[in-house]
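Student: Okay, sequence plus prediction incoming.
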Amino acid sequence: MMNASEDSLAPEVRSILDAARDRPGGDERVSVTARSFPDAVAATEAAGRVPVVAEVKPTSPTTDGERTDDPVELAREMVAGGATALSVLTEPDHFGGSVENLRRIREAVDVPVLRKDFVVKESQLDAVESDLVLLIARFVPDDLSDLVAAARERGFQPLVEVHSRAELERALDAGADIVGVNNRDLGKLDVDLETFESVAPHVPDDVTLLAESGILTAEDARRMRAAGADALLIGTAIMDGDVRENTERFATATPETEKLE
Ligand SMILES: O=C(O)c1ccccc1NCC(=O)[C@H](O)[C@H](O)COP(=O)(O)O
């Protein structure tokens, strides 16, 4: 059943949401000992590098083709390139992801791992262990606080994704302390880095803030950092080509290195 705010979703996103609602959860309640994401961000900052969450994203509705390399190998290369954390798609129908990919990757690396999926109900939290779990404010219209609490009770660090000031207020009211501003509009699927710039000034300082989507160049990365991003979530631009080199390019996109370019 669609609600009013879903009328304006792009058809691809409506299809993602329909599939998400039908997806079963786990059989048993998970209990996670999470690797701290804020600590990993602080350690990267202390080393003078840019905190990058590199995304293992085999395909997507806005990408041509599919990357079929071993996801564990991709993940290891991203970490070798300086990724602070990894984001792993587990959505199988539109992004080529799987919970098995996430399980294998989390075993193979020691950085925090985000489960990137479209979780819409509590039982779906139990599908697989991860350090962070994505909750998209737009897709959890009524019980965001309950889902944030349910994630924390299992040991996850919830990352609440927003796209507007109004969604940010809902995320903060739900107790979110890790927030991602997605530059991709799930209504039209277009990407505008000004979205982050308009929402970020309203995010309290004690929140760990991510800029998500549409970061294609080192200049985009510096722009998001200048606007207040503690970390950058980057998929497409890292998956396109040598993932180690690509991750390294973003992880070293500091104001100092700009002078050398
Ligand atoms: O990436 C898509 O095509 C997409 C389509 C529909 C809903 C969500 C979608 N992406 C989810 C994401 O949030 C991104 O994978 C993530 O922020 C990385 O974005 P990018 O660096 O632009 O690949």
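Tutor: Thanks, I have it.

Student: To what extent is the closest residue to the ligand within the chain buried, counted in neighbours?
Tutor: Nearest residue of the chain to the ligand (C-beta to the nearest ligand atom) works out as Gly235 at 2.9 Å. Any C-beta I mention is one placed from the backbone N, CA and C, and that applies to glycine too. Gly235 has 22 neighbouring residues, counting by other C-beta atoms under 10 Å.

Student: Can you tell me the closest non-neighbouring residue to it?
Tutor: With sequence-adjacent residues excluded and distances taken as C-beta to C-beta, 6 or more residues apart in numbering, Gly235 is closest to Glu55, at 3.5 Å.

Student: Now Arg103: which helix or strand?
Tutor: Take DSSP states H and E as the rule and Arg103 turns out to sit in helix 99-108.

Student: and the stretch 151-261 of the chain, which of its residues are near the ligand?
Tutor: Contact residues, the stretch 151-261 of the chain versus the ligand (C-beta under 6 Å from any ligand atom): 182, 184, 186, 189, 212-215, 233-237.

Student: Mind doing that once more with 8 Å?
Tutor: Those residues of the stretch 151-261 of the chain that sit near the ligand, judged by C-beta under 8 Å from any ligand atom, are 161, 180, 182-184, 186, 189, 191, 212-216, 233-239.

Student: which other residues reach the helix or strand that the helix holding Arg103 is followed by?
Tutor: Following helix 99-108 in sequence order, the next helix or strand is strand 113-116 (DSSP H and E). Strand 113-116 is contacted by residues 35, 53, 55, 57, 85-91, 95, 97, 102, 105-106, 128, 130-134, 159 when judged by C-beta atoms under 8 Å, 6 or more residues apart in numbering.

Student: Over to stretch 175-184?
Tutor: Residues outside stretch 175-184 that contact it (C-beta under 8 Å, 6+ apart) are 37-38, 132, 134, 136, 145, 148-149, 157-163, 168, 171-172, 190-193, 195-196, 199-200, 203, 206-215, 233.

Student: Same question for stretch 53-61.
Tutor: Applying C-beta under 8 Å, 6+ apart, the contact partners of stretch 53-61 are 12-13, 16, 63, 65-68, 71, 74-75, 78, 81, 83-89, 94-97, 101, 105, 114, 116, 189, 210, 231-236, 238-239, 243, 247.

Student: mind running it again at 6 Å?
Tutor: Stretch 53-61 is contacted from outside by 12, 66-67, 71, 74-75, 78, 83, 85-89, 94-96, 231, 233, 235, 238-239, 247, using C-beta atoms under 6 Å, 6 or more residues apart in numbering.

Student: same check, this time on stretch 37-52
Tutor: By C-beta under 6 Å, 6+ apart, the residues outside stretch 37-52 that reach it are 83-85, 112, 132, 157, 208, 230-232, 250-251, 253.

Student: top of the residues you listed by neighbour count?
Tutor: Per-residue neighbour counts (other C-beta under 10 Å) across these peak at Ala83, which has 29 neighbours.

Student: Next, the contact list for that residue, please.
Tutor: Neighbours of Ala83 in contact, by C-beta under 6 Å, 6+ apart: Val52, Ala54, Thr247.

Student: In strands, which of those appear?
Tutor: Among the contacts of Ala83, the members falling in strands (DSSP state E) are Val52, Ala54.

Student: Most neighbours of all the contacts of Ala83, which one?
Tutor: Using other C-beta under 10 Å as the neighbour test, the contacts of Ala83 are led by Ala54, with 32 neighbours.

Student: what's the spacing between that residue and Leu132?
Tutor: To Leu132, Ala54 is 13 Å away according to C-beta to C-beta, to the nearest Å.

Student: Check whether the host helix or strand of His94 comes near the ligand.
Tutor: Assessed by DSSP H and E, His94 sits inside helix 92-95. Yes - Helix 92-95 lies within reach of the ligand by C-beta under 8 Å from any ligand atom, at His94, Phe95.
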